[in-house]
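Q: Give me the fold of what follows.
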Amino acid sequence: MMKTTLTRRACAAAAAAAMSIATPALAESHGDGPMMDSIHFLIPGGAGGGWDGTARGTGEALTESGLVGTASYENMSGGGGGVAIRYMIDNSESQHGTIMVNSTPIVIRSLTGVFPQSFRDLTLIAGTIGDYAAFVVNTDSDIESMDDLLEAFRADPNGTAIGGGSVPGGMDHLVAAMVMESAGADPLDVNYVPYDAGGAAMAGLLSGEIQALSTGFSEAVDLANADEVRILGVTSPERVAAYEDAPTMMEQGLDVEFVNWRGFFGAPTLSDAEAQAYRDTLAAMYETEAWEEVRARNGWVNIHNSGDDFRAFLEEQEEAIGTLMRTLGFL
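A: Model prediction:
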């Protein structure tokens, strides 16, 4: 969605566990029993980030609804997500029981050469949700609005550090640049501080290492409800029900809308039948109360693109994001 706008521990334990998660554990009965006995989620970043929340929220909905018997999770940080992608490719035959969560950064980081692989090197399962971006500050910050943040930025760009849970030139950096460009500032002046995933970035904000944070809306909601952070603006077309006190960028005069899709990928050697089993299970999830509870709690948008539709969507994203990044000077 766009206007200026735009629609990681490889270790011995993981290797030892590989044989137990080698193939999708398909249940024989699709009636009263689960569609899958088990599912393993590979998360390319640390705990507390958007990928982590998406994988665990999806696993929660699948198990609570009875579509999957058990769900397990593995965080594998490194290389802007590239370590997990490389692991899925290099260990493909033992990863048929695993699906990896990813999002817009798999497109961005491929374009910028952070890692040499792209979505084409994996089996595409499905896009599942969209998460708006948000700018947040500490609740004790003197910055109380986007106008305040922009004023501080114009007065001292280098002293107004904006953090994010992705590498320089990554999605959180890109969103910050889009906002500043919309405000008439030079997006290349943004003093962007990268962290490994959203949880670490949020800790940096709370400790005072950075003045503001560019992050996923769903990552900010719980802390906003706990009165630990203040959400200055959301890149949604209208206020989000999960936290209606947060104003949109649009209503503050910033022509920026952005939604970060998130979805799932399988090992490159996954068979058509195995891939379809994952797709069917995720598709069935949307009809469950458990999923609606998870979705609403996080303020996610349902964006379901499966199989070939997912591929077409990613190819469109690649073209649109590449154009935007060239415009902003990131490529």
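Q: burial of the nearest residue to Gly299 once chain neighbours are set aside, as a residue count?
A: If the residues on either side of it in the chain are set aside, Gly299 comes closest to Ala242, at 3.2 Å by CB to CB, 6 or more residues apart in numbering. Heads up, the C-betas are built off the backbone N, CA and C, glycines and all. Ala242 sits with 21 neighbouring residues when counted by other CB atoms under 10 Å.
Q: what's the answer for Pro157, then?
A: Burial of Pro157 is recorded as 17 neighbouring residues (other CB under 10 Å).
Q: Kindly report the same for the one 4 residues further on.
A: By the measure other CB under 10 Å, the count of residues near Ala161 is 17.
Q: ok, it to Ala134 distance?
A: 17 Å (CB to CB, to the nearest Å).
Q: cool, and Asn91?
A: According to CB to CB, Asn91 and Ala134 sit 35 Å apart.
Q: more crowded one of those two?
A: Set side by side, Asn91 and Ala134 show unequal neighbour counts under other CB under 10 Å, the larger going to Ala134 at 30 against 16.
Q: Run me through the strand neighbours of the helix or strand harbouring that one, direction for each.
A: Assignment of secondary structure by DSSP states H and E places Ala134 within strand 123-138. Each strand that strand 123-138 pairs with, and the sense of that pairing, follows from DSSP bridges: strand 212-216 (antiparallel), strand 229-234 (antiparallel), strand 259-266 (antiparallel), strand 301-306 (antiparallel).
Q: Quick check: mean pLDDT of it?
A: Per-residue pLDDT values across strand 123-138 average out to 94.
Q: Equivalent analysis for stretch 66-83, please.
A: Mean predicted confidence for stretch 66-83 is 93.
Q: Can you give me the buried ones in it?
A: When burial is assessed from 16 or more other CB atoms under 10 Å, stretch 66-83 yields the following buried residues: 67-69, 71, 74-83.
Q: so which of those residues comes closest to Ser271?
A: The nearest member of the buried residues of stretch 66-83 to Ser271, counting by CB to CB, is Val68 at 19.0 Å.
Q: Break down this structure into its helices, ranges please.
A: With DSSP state H as the criterion, the chain has helices at 12-17, 50-64, 82-90, 105-111, 146-155, 171-182, 197-207, 217-225, 272-285, 289-298, 308-327.
Q: rewinding a little: right, and the strands paired with strand 123-138 - which one's nearest Glu144?
A: With respect to Glu144, and counting by CB to CB, the nearest of the strands paired with strand 123-138 is strand 229-234 at 6.9 Å.
Q: Check what contacts that closest one and list those residues.
A: By CB atoms under 8 Å, 6 or more residues apart in numbering, the residues outside strand 229-234 that reach it are 132-139, 141, 143-146, 148-149, 179, 202, 205-206, 212-213, 217, 220, 223-224, 240, 243, 245-249, 252, 254.
Q: quick one, that strand and helix 217-225 angle?
A: Our comparison of strand 229-234 with helix 217-225, counting by axes from the mean of the first three to the mean of the last three CA atoms, to 10 degrees, yields an angle of 140 degrees.
Q: So what's the gap between strand 229-234 and the chain middle?
A: Here strand 229-234 is found 18 Å from its chain centre; the criterion is CA atoms, centre = their mean, to the nearest Å.
Q: again with stretch 256-265
A: Here stretch 256-265 is found 7 Å from its chain centre; the criterion is CA atoms, centre = their mean.
Q: again with stretch 158-173
A: In this view, stretch 158-173 has its centroid 15 Å away from the chain centroid, taken as CA atoms, centre = their mean.
Q: Now do that stretch: distance from first to last residue.
A: In stretch 158-173, first residue to last residue: 15 Å (CA to CA, to the nearest Å).
Q: mind listing what's buried in it?
A: Residues of stretch 158-173 classed as buried under the neighbour-count rule (16+ other CB under 10 Å) are 160-167, 169-173.
Q: Likewise for stretch 276-288?
A: Within stretch 276-288, the residues that count as buried by 16+ other CB under 10 Å are Ala277, Tyr278, Arg279, Asp280, Thr281, Leu282, Met285, Thr288.
Q: In the residues you listed, find the pair that's most separated.
A: Distance extremes for the buried residues of stretch 276-288: the farthest pair is Ala277 and Thr288 at 17.3 Å, using CB to CB.
Q: With respect to burial, which of the strands paired with strand 123-138 scores highest?
A: Mean neighbour count (mean count of other CB atoms under 10 Å) peaks for strand 212-216 among these, with a mean of 28.
Q: and that one, C-alpha only, in PDB?
A: Extracted C-alpha coordinates of strand 212-216, given in PDB (Å, rounded to 0.1, in the frame of the first residue of the first chain):
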ATOM      1  CA  ALA A 212      12.100   8.100  19.100                       C
ATOM      2  CA  LEU A 213      11.400   4.700  17.600                       C
ATOM      3  CA  SER A 214      10.100   3.600  14.200                       C
ATOM      4  CA  THR A 215       8.400   0.300  14.700                       C
ATOM      5  CA  GLY A 216       5.400  -1.900  14.000                       C
END
